[in-house]
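Dropping the sequence and predicted coords here.
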Amino acid sequence: MKKYFDYDANFLQRHHAKHTAKEINQQPRIWQNLCLALKNNQSQWQAFLRPLLADPNLNIILTGAGSSAFAGSTLAPWLRQKTGLNVHAYGTTEIVSNPLQSLSANKKTLIISYARSGNSPESLATIELADQLISDCYHLFITCNPNSALTCYAKKSQKIFELVMPEGSHDVGFAMTSSISSMMMTTILVLGYKNWQDAAQLAEYIAQVCSDKLSEWQTIIKQLAKQPFDRIVYVGSGCFMGLSQEASLKVLELTAGKIATRFDSTLGLRHGPKFMVDKNTLIICMQSNDPYTRQYDLDLFNELKRDHIASQVIGLSGINTDDSDTYCVDLSLDDIWLIFPYLLFAQMLAFEKSLAVGLGPDNPCPSGEVNRVVKGVNIYPFIAHKQ
């Protein structure tokens, strides 16, 4: 096995880290393979999606559980702006326990389901509830496992289309890394642009940028992870708020809760959650390329630095700056493309922090109370009661 993050195979094996290290590193290659797969399958997925997206009254719901849900939270605001359609993100964990608050019976709906394994009980239950409650419902499954329960379900109806992510994206490690980034990239490519091949060129470019950052950020992130912080807060605006949620979960998962985490919007942090910040807190501010939004991001970033109440305040920026606490990507693109290098930074930090606190990133909970694929969920038949 080759080296990852400058750790040799013996080190990674001994520290139960080989899968997560490989899966973080392989993402640029997976995204390139994804572009090729979408090109080869272009006529099929466009034939399914184009008539649906042409309907201005279409309701789109992005859904999944855990990281898959946060993929939806990240993408929904941008897709709503980009497509002009009604796009919402709800976790399957929200829909299953209270479907009538998320699903509209008489609105033509496209449910986009994100699933690494495609076998979590809430994923299948959500699909069945949507088909039960919505009169005109379509599904796009974006999955990483070609042998999943969702794949079997997809064979039942012409109203379902499945896009299976490239080989290798079905992460073996505990945390979703290449799986979530591939599913988000797919959504951007097939829904976000009228000419998807223009977007595919941007995806190829982002793959190269992130490949470079894998090397460039290694030393910085190793040093950062060794700092004695025991809390981390991610903040961002727009699509970066959902991404902050995923970034905070990544640290929480890979450190098995030894590092307390929180996320918030840039403007939301001041409204109480700032109490979370103390001398042992690392804060990471994901900054927008949009000039209007960036003003608010920089105001909070500078305020937090002036406060001197956090252990360290770091900015992630697509625009070059002289600030020594800001790591720049030098990427003058729409914010939606910045989510990939920012996510990569968060994944690398979570990996290194897991090692720093003495855990194995591939399975930070060997005692089994928290599992890679959720267990122990009872699914109950839904019967609507008249009010």
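Received the coordinates, thanks. Residues are numbered from 1 along each chain as shown.

Count the residues that sit near the residue lying closest to residue 188 once chain neighbours are set aside.
Closest residue in space to residue 188, ignoring its immediate chain neighbours: residue 336 at 6.0 Å, by CB to CB, 6 or more residues apart in numbering. From N, CA and C alone the C-beta is placed, and that goes for glycine too. When neighbours are counted by other CB atoms under 10 Å, residue 336 registers 24.

check contacts around residue 336.
By CB atoms under 8 Å, 6 or more residues apart in numbering, residue 336 lies in contact with 75, 78, 188, 192, 239.

Just the buried residues of those residues.
Buried by 16 or more other CB atoms under 10 Å: 75, 78, 188, 192, 239, out of the contacts of residue 336.

Can I get those in CSV including pLDDT?
Converted to CSV, those look like this (pLDDT from 0 to 100):
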residue, pLDDT
75, 98
78, 97
188, 97
192, 94
239, 97
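
Just the ones in helices from the residues you listed, please.
Among those, the ones falling in helices (DSSP state H) are 75, 78, 188, 239.

on that earlier part again, closest one of the buried ones among the contacts of residue 336 to residue 288?
Closest approach between these and residue 288, by CB to CB: residue 239, at 8.7 Å.

got the contact list for the closest one?
Here residue 239 is in contact with 74-75, 77-78, 335-336, 339 (CB under 8 Å, 6+ apart).

How about residue 252?
Residues in contact with residue 252 (CB under 8 Å, 6+ apart) are 259-261.

Next step: the residues you listed restricted to strands.
Judged by DSSP state E, strands contain the following of the contacts of residue 252: 260-261.

Any chance of CSV for the contacts of residue 252, columns pLDDT?
Converted to CSV, these look like this (pLDDT from 0 to 100):
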residue, pLDDT
259, 97
260, 97
261, 97
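
Report pLDDT for the residue nearest to residue 188.
The per-residue pLDDT reported for residue 336 equals 97.

Can you give me the buried ones in the helix or strand hosting residue 73?
For residue 73, the host element (DSSP states H and E) is helix 67-83. Within helix 67-83, the residues that count as buried by 16+ other CB under 10 Å are 67-79, 82-83.

Give me the helices and strands touching it, please.
For helix 67-83, the packing partners by 3 or more CB pairs under 8 Å, 6 or more residues apart in numbering; DSSP states H and E come out as strand 59-64, strand 86-91, helix 92-95, strand 109-115, helix 178-191, helix 239-254, helix 335-356.

quick one, which of those is nearest to residue 155?
When those are compared by CB to CB, strand 109-115 sits nearest residue 155, at 15.0 Å.

Next secondary structure after that closest one?
Sequence order places helix 121-133 as the next helix or strand after strand 109-115, per DSSP H and E.

okay, which residue is most central for this protein?
When the chain is reduced to its mean C-alpha position, the closest residue under CA atoms, centre = their mean turns out to be residue 71, at 3.8 Å.

how close does that residue get to residue 78?
12 Å (CB to CB, to the nearest Å).

and what of residue 102?
Distance, residue 102 to residue 78, using CB to CB: 20 Å.

re the thing from before, now distance to residue 308 too, for the helices and strands packed on helix 67-83, in a markdown table please.
Shown next, in a markdown table, are those (distance: least, CB to CB, whole Å):
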| stretch | distance to residue 308 |
| --- | --- |
| strand 59-64 | 39 |
| strand 86-91 | 36 |
| helix 92-95 | 38 |
| strand 109-115 | 40 |
| helix 178-191 | 35 |
| helix 239-254 | 22 |
| helix 335-356 | 22 |
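
Minimum distance to residue 300: which of those has it?
The minimum distance between residue 300 and these falls on helix 239-254, with 12.1 Å, by CB to CB.

orientation of the closest one relative to helix 335-356 in degrees?
20 degrees (axes from the mean of the first three to the mean of the last three CA atoms, to 10 degrees).

Just the C-alpha atoms of helix 239-254, please, in PDB.
Extracted C-alpha coordinates of helix 239-254, given in PDB (Å, rounded to 0.1, in the frame of the first residue of the first chain):
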ATOM      1  CA  CYS A 239     -24.000  26.600   1.200                       C
ATOM      2  CA  PHE A 240     -21.200  26.700   3.700                       C
ATOM      3  CA  MET A 241     -23.600  26.500   6.700                       C
ATOM      4  CA  GLY A 242     -24.600  22.900   5.600                       C
ATOM      5  CA  LEU A 243     -21.000  22.200   4.900                       C
ATOM      6  CA  SER A 244     -20.100  23.400   8.400                       C
ATOM      7  CA  GLN A 245     -22.600  20.800   9.700                       C
ATOM      8  CA  GLU A 246     -20.800  18.100   7.800                       C
ATOM      9  CA  ALA A 247     -17.400  19.300   8.900                       C
ATOM     10  CA  SER A 248     -18.300  19.400  12.600                       C
ATOM     11  CA  LEU A 249     -19.800  15.900  12.300                       C
ATOM     12  CA  LYS A 250     -16.600  14.600  10.800                       C
ATOM     13  CA  VAL A 251     -14.500  15.700  13.800                       C
ATOM     14  CA  LEU A 252     -17.200  14.400  16.200                       C
ATOM     15  CA  GLU A 253     -17.300  11.000  14.500                       C
ATOM     16  CA  LEU A 254     -13.500  10.400  14.100                       C
END
